[in-house]
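**Q** turn this into a structure:
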Amino acid sequence: MSLAADRRLAALVERGEVDGVFFFHGNAARLRDDAARTLVEAAIDPATRDFNLDTYRAAEVSPEALAASLSMPPVMAPRRVVALFGAERLTPTGCGVVEKILEKTPPDLTLVVTATVPKGSRKAFYRKLKDGATSLEWSAPRDAEIPGWLMERARDRHGVVLEARAAEALAEAVGADLGLLEAELDKLTSVGNAETITVEEIAALVPNVREVNRWAWLDSVAERDYRGALSQLPALLAGPDSSAVGLINAMADHHLLLGIAAEGGASLLERTLSEVGKPYLKFKVRTFVGQARSWTGEEIEQALRWIRKADARSKTTGGGRDRAVLEELLLGLQALKAGAAR
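**A** Modelled structure (predicted):
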């Protein structure tokens, strides 16, 4: 995840461990490349920058020029720095140039390579980079984790508190593009001196803030307010990124976490989130624990069975039935709650 990579990079820079080859990869390209520039700035001697820094786009540099740059010694400085962005665009010969440096890296060289590794790729080049370089990944969190990512990013990078509901409203308005979300955080933190960003400020400063967002809606479902969830469903599905499949998958994740909270409380849930690589959801641990008090373990298991069935129907009936599938699911869950109350 990107925040873990940010923290590791900050630690490397703080310790001055900026020599050698670094491989920054992942699908959060803007954050990944910004991090590469941060390392470059930490590694380069400002006084001799013009002599000792080369920056290339892999699609534009020839293997010969890259090899020549990497073989040059530093000029009146402790190291030479070469930054290579978009290494997925390298030719086979260009890949060979980088692999040669991996085999024997000059002690006075910092090489920073960034790439978006194609999904499912088995190319040896990427494996060699991950094994032979300091490798950090900037990957986008899943939709359910984006508000938590925003809250941590606001605190760690900008030094402000972003309220949970404000983070949810921002995520719903902007979408899952971490670069765009980071740009909005930059804007929000630059327009005022407030230490806390509220949902009211999000509504005032961010375009396309919606009346209903999926995270608040998921909380309504988990709190068993099915009447409210049903009334909000049309507005939620009217969003450009909303679909029955996406909402049902989010419901499945949410109810699994409810089950863990019901079984072992906050400590088990926090430990599980750490083990499965979902630290961005820790901000909701208390919420999950509170919601779990409204459920029995058997009811959560039954809800998950219905959610799985609804998922199968949503994938076979087509988009025109999205609302009907979700309404049927919510009415079933409402009947489950009513049966437990009797």
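**Q** show me where the stretch 201-342 of the chain has helices.
**A** In the stretch 201-342 of the chain, the segments counted as helices under DSSP state H, counting those that start in this stretch are 214-222, 226-237, 244-275, 285-292, 297-317, 322-341.
**Q** nearest to residue 66, of those?
**A** Taking CB to CB, helix 244-275 is the member of these nearest to residue 66, at 40.2 Å. Every C-beta, even on glycine, is put in place using the N, C-alpha and C of the backbone.
**Q** in the closest one, what counts as buried?
**A** In terms of neighbour count (16 or more other CB atoms under 10 Å), helix 244-275 has its buried residues at 244, 247-255, 257-262, 269-270, 272-273.
**Q** domains in the chain, by residue range?
**A** 2-137, 143-205, 214-341 (automatic domain parsing).
**Q** okay, those in a markdown table with mean pLDDT next?
**A** Output for the domains of the chain, formatted as a markdown table (pLDDT from 0 to 100):
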| stretch | mean pLDDT |
| --- | --- |
| domain 2-137 | 95 |
| domain 143-205 | 86 |
| domain 214-341 | 89 |
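**Q** residue 78 contacts residue 43, correct?
**A** No: counting by CB atoms under 8 Å, residue 78 does not reach residue 43; the two are 9.2 Å apart.
**Q** who's more crowded, these two?
**A** The neighbour count for residue 78 versus residue 43, taken as other CB atoms under 10 Å, is higher for residue 43 (25 against 15).
**Q** how close does that one get to residue 36?
**A** 11 Å (CB to CB, to the nearest Å).
**Q** common neighbours of these two, please.
**A** residue 112 (CB atoms under 8 Å, 6 or more residues apart in numbering).
**Q** mind listing what's buried in stretch 61-71?
**A** Residues of stretch 61-71 classed as buried: 61, 63, 66, 67, 69, 70 (neighbour count, 16+ other CB under 10 Å).
**Q** helices - which of these land there?
**A** 63, 66, 67, 69, 70 (DSSP state H).
**Q** take these and write them to CSV, including distance to residue 15.
**A** Output for these, formatted as CSV (distance: CB to CB, whole Å):
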residue, distance to residue 15
63, 33
66, 29
67, 30
69, 27
70, 25
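**Q** specify which member of these is nearest to residue 124.
**A** residue 63 (17.1 Å).
**Q** hmm, who's touching stretch 196-208?
**A** So stretch 196-208 is in contact with 154, 160-163, 165-166, 169-170, 173-174, 184, 187-189, 191-192, 194, 209, going by CB under 8 Å, 6+ apart.
**Q** let's see it at 10 Å
**A** Identification of contacts with stretch 196-208 by CB atoms under 10 Å, 6 or more residues apart in numbering yields 150-151, 154, 158, 160-175, 184-185, 187-189, 191-192, 194, 209-211, 213, 239-240.
**Q** CA atoms only: put that stretch into CSV for me.
**A** Output of stretch 196-208 as CSV, limited to C-alpha atoms (Å, rounded to 0.1, in the frame of the first residue of the first chain):
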residue,chain,number,x,y,z
THR,A,196,-9.6,19.7,11.1
ILE,A,197,-11.3,19.3,7.7
THR,A,198,-15.1,18.8,8.1
VAL,A,199,-17.7,17.4,5.8
GLU,A,200,-19.1,20.9,5.5
GLU,A,201,-15.8,22.2,4.1
ILE,A,202,-15.7,19.3,1.6
ALA,A,203,-19.2,20.2,0.4
ALA,A,204,-18.2,23.9,0.0
LEU,A,205,-14.9,23.3,-1.8
VAL,A,206,-15.1,20.1,-3.7
PRO,A,207,-17.3,19.7,-6.9
ASN,A,208,-19.7,16.9,-7.2
